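Chemist: coords please:
(one chain, ligands or ions: 1)
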Amino acid sequence: MDLVMDSFRARLEERGIPLSVRQMEQFQRYYELLVEWNEKMNLTGITERDAVFEKHFYDSVTLAFYLDLSSTPSLADIGSGAGFPSLPLKIFFPHLKITIVDSLNKRITFLKHVCEELGLEGVECVHGRAEDIARLPQHRDRYAIVTARAVARLAGLSELCLPFVQKGGVFAAMKGAQPQEELDEARYAIRELRGQFDKVETLRLPDEQSERAIVLIRKTDSTPKAYPRKAGVPLKQPLQ
Ligand code: SAM
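Modeler: I've put the predicted structure just below:
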């Protein structure tokens, strides 16, 4: 009996996301690689199997509770670190074309290795600062969904993420509890970058019960050319 996997599968099935045997094997292998590589490089502070399955894998997949990923063509994950939330989402929605941007090359090397080992196709792992990558025409105003988890406060984060979103697309910021203060602080930045606040979805992790919030921001038009500003500036001096 595998209690961790059984509980993971049951919790997701409750939300209408069934898990196949292949997907269970992919999550198990992902867990093994995460723990193995974590000994050589800093990927995560969470290594207990049940905690990784709940706080990384399940938490990542919660985005699919609120956005219809089965009809979404492309998703970009900014500051993905060890692959969260995009790789768990890719395991569930294999048709998704994923672009990952991270400024730490060691993590990009890890992510490429995970994709190879798990047989995940259509994942582009880009090494660089979001501020620079968002200026490249192949990435600018391109993605139906752009997400980021645990990267920065919303005002600065919006400048890293919104330039990647296509008109009509969504920026989904995955946050801990109570994002209201961050949201108030980010209102000007969101507008200036051509976003429009839509809503906040809240949930609790099923076993550990900690609160999570997903802030949904819609892109109303192309982001003005002035943004993002030079690498480092958006997080040091958020627009306000
Ligand atoms: N999203 C992952 C998660 O939820 O576990 C990783 C979070 S980790 C705390 C933040 C990640 O963002 C790191 O991997 C870091 O290298 C990356 N990062 C920070 N600033 C960045 C930037 N300006 N452009 C691209 N990546 C960035």
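Chemist: going forward, measure contacts and count neighbours with C-alpha atoms only.
Modeler: OK.
Chemist: pLDDT wise, what is the nearest residue to Ile133 once chain neighbours are set aside at?
Modeler: Leaving aside its chain neighbours, Ile133 sits nearest to His139 (6.9 Å; criterion: CA to CA, 6 or more residues apart in numbering). As predicted, His139 sits at a pLDDT of 98.
Chemist: give me the element Lys167 is part of.
Modeler: For Lys167, the enclosing helix or strand under DSSP states H and E is strand 165-175.
Chemist: Let me know the distance separating the residue nearest to Ile133 from the ligand.
Modeler: Distance, His139 to the ligand, using CA to the nearest ligand atom, to the nearest Å: 13 Å.
Chemist: For the strand holding Lys167, name the packing helices and strands.
Modeler: With contacts taken as 3 or more CA pairs under 8 Å, 6 or more residues apart in numbering; DSSP states H and E, strand 165-175 sits against strand 143-149, strand 211-219.
Chemist: Run through the residues of the protein sitting next to the ligand.
Modeler: Residues of the chain lying close to the ligand (CA under 6 Å from any ligand atom) are 78-81, 84, 101-104, 128-130, 148-151.
Chemist: Filter those down to the ones in helices?
Modeler: Counted as lying in helices by DSSP state H, out of the residues of the chain next to the ligand, are Ala130.
Chemist: Packing partners of the longest helix along the chain?
Modeler: For the chain, the longest helix by residue count, based on DSSP H, is helix 21-38. In terms of contacts (3+ CA pairs under 8 Å, 6+ apart), helix 21-38 is packed against helix 86-92, helix 105-118.
Chemist: what's around Arg15, how many residues?
Modeler: 11 (other CA atoms under 10 Å).
Chemist: Count the residues that sit near the closest residue to Gln26 other than its chain neighbours.
Modeler: The spatial neighbour of Gln26 that comes closest, neighbours along the chain excluded (CA to CA, 6+ apart), is Leu118 at 5.7 Å. Leu118: 17 surrounding residues under other CA under 10 Å.
Chemist: residue contacts, Leu118?
Modeler: Listed by CA atoms under 8 Å, 6 or more residues apart in numbering, the contact set of Leu118 reads 26, 29-30.
Chemist: Now list the buried members of these.
Modeler: Among these, the ones that count as buried by 16 or more other CA atoms under 10 Å are 26, 30.
Chemist: So which of the contacts of Leu118 is the closest to the ligand?
Modeler: Tyr30 (13.8 Å; CA to the nearest ligand atom).
Chemist: List the contacts of that closest one.
Modeler: Going by CA under 8 Å, 6+ apart, the list of residues near Tyr30 reads 114, 118.
Chemist: now the one 5 residues further on
Modeler: Taking CA under 8 Å, 6+ apart as the definition of contact, the neighbours of Val35 are Thr47.
Chemist: so how far is His56 from it?
Modeler: As judged by CA to CA, to the nearest Å, Val35 and His56 stand 13 Å apart.
Chemist: Could you do Leu34 as well?
Modeler: 11 Å.
Chemist: So if I had to pick from the two, which one is more boxed in?
Modeler: Leu34 (23 against 19).
Chemist: was I right about the more buried one contacting Leu43?
Modeler: Yes - Leu34 sits in contact with Leu43 when judged by CA atoms under 8 Å, with a separation of 7.4 Å.
Chemist: shared neighbours of these two, anything?
Modeler: Common contacts of Leu34 and Leu43 (CA under 8 Å, 6+ apart): Ala82.
Chemist: re earlier: out of the helices and strands packed on helix 21-38, deepest packed?
Modeler: Ranked by mean neighbour count, those are led by helix 86-92 with a mean of 22 (mean count of other CA atoms under 10 Å).
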